[in-house]
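Enquirer: Have a look at this prediction, sequence included:
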Protein chains: 2
Amino acid sequence: MGKTAESAAGAPRGPATASIRRTSEAQILAAAETVFAQSGFDGATMTQLAATAGLPKANLHYYFGTKERLYCAVLERILALWLDDAVEWIVPDRHPAEGLAGYVRAKMAHSRRRPEASRIFAGELLRGAPHIMSYLRTDLRQRVTAMAGVIAGWSKAGLMDPVHPVHLLFAIWAMTQTYADFDAQIRAVLDKTKIGDAEFATATETVVALVLKGCGVRAPAMEP
Amino acid sequence: MGKTAESAAGAPRGPATASIRRTSEAQILAAAETVFAQSGFDGATMTQLAATAGLPKANLHYYFGTKERLYCAVLERILALWLDDAVEWIVPDRHPAEGLAGYVRAKMAHSRRRPEASRIFAGELLRGAPHIMSYLRTDLRQRVTAMAGVIAGWSKAGLMDPVHPVHLLFAIWAMTQTYADFDAQIRAVLDKTKIGDAEFATATETVVALVLKGCGVRAPAMEP
DNA sequence: ATCATGTCTGACCAGGCGGTCAACAAATCA
DNA sequence: TGATTTGTTGACCGCCTGGTCAGACATGAT
C-alpha cells in the first residue's frame, strides 16, 4: 500500500515525517540524561527536566507519558552503549596484554567522555537496579560469561595468571567507573576543580598497569 | 552549681537523664541509615523514616529538626567509621605485603558488614558530595596525603613498584566498595540472590592478589 | 501539691509534585 | 481546499511532601 518513501523503518504509525518526533525525543533525552545524572530519579523534577530541555512540561508528557518511562528511555540509551566495549577487546584472538589494556582504556575513555551515563547507571545500581534487573540477568550476564571464557582461555594458554575472570571484570568496572561516578571525591582529594587530561592519563596508566601486572600478563610475543 | 551527678559530659542542658535522648536518637539514626541507603536522600520520606524507627513522624523532627539535619547526622556517623581502617594498616612500620593486604581486607570486610553505610556515602558522592565536600577537602585529603607518603616510602625502599599512590588508593576504594554499592549488579551477574561467604572470600582474595601483584610488592623478609 | 523541664504526638498546613486536559497551531492527507 | 492527524501548551488538579504547633504526658526538685 501507498506508504510514502520516507518511512523505511521504525515508524509504526504516521505515514510521513516522524522527524519531528525524533528530534523532540532526542532533545528531551539529552536533557534528561544531564538532569537525572545530577539529581537522580527521585531528585529530578519534571519541571527541571522540562526547563533543561527548553520545552513546556506537558510536552515531555506528550512524548514519554510518565517520568518513569522517560527515565527508562534514558537508561536503554545508556545500556546500548555500555555493551559495545567488550566485544572489541576481550576476544580470544588478542593477547591479554593488548585486550585487557585496550578494554581498560576504553572504559576509562567512557568515564571521561560520558560521565553522566555512568552516573545514571550507578544510581540505578545503588537503588538495587529496579528498572534494569532483567537486563543485568540476561544480556549482561551472558556477555560476562563470554568474556570470562575468553579470560579463562588466556590463563589456560599460559598468557596470564589464573585470575578469577568475573571478579576481575568487577574490579575493572569499579576502577574505571569510579572516575565518573565519584568524580567529586577525586577532585576533592586531588584539590582540583577539574581533572585535566594529564591527570586522567596518569590515572588510566595506573589502572592499566595495576590490571596487567595484577593478572601476571606475560609480554606479548611479536608476530612473525 | 548543683548539677546532678549523672550529667558528666555532653549534656549541656537538662539536669537529669539525657539517656532518653541518646536512646531515641540512636534508634532514629539506625533506622535512617537503612532507609537512606535503600532510597537515597530524595527517595526517602519522613513518613518512611518514622515508620522504620517505630516512632511518630513529629518525634523525628523533635530530635533532628529537619530531614537534612537527620541525613547529615547519619553521614557524620559513617565518616567516623570511614577513616579508621587506614591508620592501622597503611603505616611505614609494616611491609606493604602486609599493609596493603590488610587494608584491602579491612575495606572488603566493611563492604560485607556495613553495606548500607557505603551506599549512603556513594549516593552522596554521586550527587557531587554537597554535604561532605568540606570533609573531603580537609580530613580525607589530609589522610590521603599521609597514606600516599607511606606508599611512596615503600616504593623508594624498593619494597614495591613506584605506583602512583593516590590513584592506587582510588583503585582500592573502588574495587572494595563496589561489592557494597553495586551489589545488585554482582548478584545479577553471579546469578545469586545473596553473596555467600565463600564467594565473598574469593572476591577478597582476587582483589588482594590484584593489588599486591599489580603493585609489584616483593615478598616480605622474615623477621629474625 | 506545685512547678519546671523535657518528651511525645495527633492534627494540621502551605507548597510542590507528577500528571491531565481542553483548546489551539501545524503539518499532512484526500 | 477542507479534513484529519500530530504536535503544543497554559491552566489546572489531587496527592503527598517536609515541617509546625498546641497541648498532653512523664519526671524529678522544691
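Expert: That came in fine, so what should we check first?
Enquirer: got the domain boundaries for chain A?
Expert: Taking automatic domain parsing as the domain assignment, the ranges for chain A are A:19-77, A:83-214.
Enquirer: Adding distance to residue B:122, mean neighbour count and mean pLDDT, write those out as JSON lines.
Expert: Yep, even glycine has a C-beta here, placed from its N, CA and C like the rest. Listed next are the domains of chain A as JSON lines, based on distance: least, CB to CB, whole Å; neighbours: other CB atoms under 10 Å in any protein chain shown; pLDDT from 0 to 100:
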{"stretch": "domain A:19-77", "distance to residue B:122": "12", "mean neighbour count": "17", "mean pLDDT": "97"}
{"stretch": "domain A:83-214", "distance to residue B:122": "6", "mean neighbour count": "19", "mean pLDDT": "97"}
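Enquirer: mind giving me JSON lines with those and columns for distance to residue B:177?
Expert: Formatted as JSON lines, the entries for the domains of chain A read as follows, by distance: least, CB to CB, whole Å:
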{"stretch": "domain A:19-77", "distance to residue B:177": "18"}
{"stretch": "domain A:83-214", "distance to residue B:177": "8"}
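Enquirer: can you tell which of those domains is closest to DNA strand C?
Expert: domain A:19-77 (3.4 Å; CB to the nearest atom of the strand).
Enquirer: ok so, going back, which one of the domains of chain A lies closest to residue B:64?
Expert: Within those, the stretch nearest residue B:64 is domain A:19-77; the backing value is 20.2 Å (CB to CB).
Enquirer: Do me a favour and get the end-to-end distance for the closest one?
Expert: End-to-end distance for domain A:19-77: 18 Å, by CA to CA, to the nearest Å.
Enquirer: Does DNA strand C have contacts with that domain?
Expert: Yes. Contact of domain A:19-77 with DNA strand C (CB under 7 Å from any atom of the strand) involves A:20, A:44-48, A:57-58, A:61, A:65-68.
Enquirer: Nearest to chain B among the residues you listed?
Expert: Distance to chain B across the residues of domain A:19-77 next to DNA strand C (CB to the nearest CB) is lowest for residue A:44, with 8.6 Å.
Enquirer: you'd agree the closest one is up against residue A:34?
Expert: No. Counting by CB atoms under 8 Å, residue A:44 stays clear of residue A:34, with 9.7 Å between them.
Enquirer: which of the residues of domain A:19-77 next to DNA strand C are close to DNA strand D?
Expert: Okay, of the residues of domain A:19-77 next to DNA strand C touching DNA strand D (CB under 7 Å from any atom of the strand), that's A:20, A:57, A:58, A:61.
Enquirer: Need those residues in JSON lines (columns: secondary structure).
Expert: Supplementary listing: these in JSON lines, determined by DSSP: H, G, I helix; E, B strand; the rest coil:
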{"residue": "A:20", "secondary structure": "helix"}
{"residue": "A:57", "secondary structure": "helix"}
{"residue": "A:58", "secondary structure": "helix"}
{"residue": "A:61", "secondary structure": "helix"}
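Enquirer: Looking at the residues you listed, which one is closest to DNA strand D?
Expert: The closest of these, once distances to DNA strand D are taken by CB to the nearest atom of the strand, is residue A:58, at 2.9 Å.
Enquirer: residues in contact with the residue nearest the centre of chain A?
Expert: Centroid check for chain A by CA atoms, centre = their mean gives residue A:82 as the closest residue, at 3.6 Å. Listed by CB atoms under 8 Å, 6 or more residues apart in numbering or on different chains, the contact set of residue A:82 reads A:117, A:121.
Enquirer: host element of the closest residue to residue A:203 other than its chain neighbours?
Expert: Leaving aside its sequence neighbours, residue A:203 sits nearest to residue B:167 (CB to CB, 6 or more residues apart in numbering or on different chains; 5.1 Å). Applying DSSP states H and E as the criterion places residue B:167 in helix B:165-181.
Enquirer: Let me know the next secondary structure element after that helix.
Expert: Helix B:165-181 is succeeded, C-terminally, by helix B:183-190 (DSSP H and E).
Enquirer: by contact count, what packs against that next one?
Expert: The contact analysis (3 or more CB pairs under 8 Å, 6 or more residues apart in numbering or on different chains; DSSP states H and E) places helix B:183-190 against helix A:141-156, helix A:165-181.
Enquirer: Mind doing that once more with 10 Å?
Expert: helix A:115-126, helix A:133-135, helix A:141-156, helix A:165-181, helix B:115-126, helix B:165-181, helix B:197-214 (3 or more CB pairs under 10 Å, 6 or more residues apart in numbering or on different chains; DSSP states H and E).
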